[in-house]
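In: what's the 3D shape of this:
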Amino acid sequence: MSDAAGRRKIRELLEDLKDTTPEERREVVRAYHAGVIAEGRSRPVPRWLERTPVRRSLAVLVAAPVVAGAVAAFMTVSIPSSVIGLAGIAVYLASWLLLRRATRQLAEVPDSALDEREVVERAEATRTAYVLLIWLMFLLTVTAVADSRWIDLEWEPLLLGALMTATGLPMAVAAWRWRDLDDE
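Out: Residues are numbered from 1 along each chain as shown. Coordinates of the predicted model:
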């Protein structure tokens, strides 16, 4: 659906909802939202994005912000830390968008839009992402202890990079573990 057609449809929907109760409006908006999700998930994934090595490479790139943050935090000369941080953010956003497409938005959609296999895969991915997040926080804690004793670093880029990486972990784990029905 084109943007103009989508805006027209929303306008028509809002016109129809003027004389309805709040409960009816909520139900219509929920149904519209479910339709948009179903439409987005039904689009075919590009063939090159379906390949396991590509998905796994994109999953690894989700760590780009924390790597860029670590480089910027430890670096003392030459390139400004903001340039390194922007590069990490750009790589993260590109991989995030491609991962959403490759996993058919598995990490974001409500349970009602998923089949049983996908619900289980998302739950496993979330559990694994939680463990990875705990390890990331452990490494940051060790770095904080070392910072006060042996090294000197900037904390802002490192913490912002860790935060961005943490937001993409569930989707990255889902992409890493993703199995198409053909693979089974």
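
In: Figure out how far the lowest-mean-pLDDT helix or strand in the chain is from the centre of its chain.
Out: In the chain, no helix or strand scores lower on mean pLDDT, DSSP states H and E than helix 3-16, which sits at a mean of 76. Centroid separation for helix 3-16 versus its chain: 28 Å, with C-alpha atoms, centre = their mean, to the nearest Å.

In: Surely Trp48 and Val54 touch.
Out: Yes. Using C-beta atoms under 8 Å, Trp48 is in contact with Val54, at 6.2 Å. C-beta: built from backbone N, CA, C; applies to glycine.

In: Of those two, which one has the most company?
Out: Counted by other C-beta atoms under 10 Å, Trp48 and Val54 do not tie: Val54 has more neighbours, with 16 against 8.

In: and the helix with the most length in the chain, what does it pack onto?
Out: Longest helix of the chain, by residue count under DSSP state H: helix 116-149. The contact analysis (3 or more C-beta pairs under 8 Å, 6 or more residues apart in numbering; DSSP states H and E) places helix 116-149 against helix 155-177.

In: what about the helix it packs on, average pLDDT?
Out: What helix 155-177 shows for mean pLDDT is 89.

In: Trp178 and Leu58, how far apart?
Out: Distance, Trp178 to Leu58, by C-beta to C-beta, to the nearest Å: 11 Å.

In: which neighbours do those two share?
Out: Ala102 (C-beta atoms under 8 Å, 6 or more residues apart in numbering).
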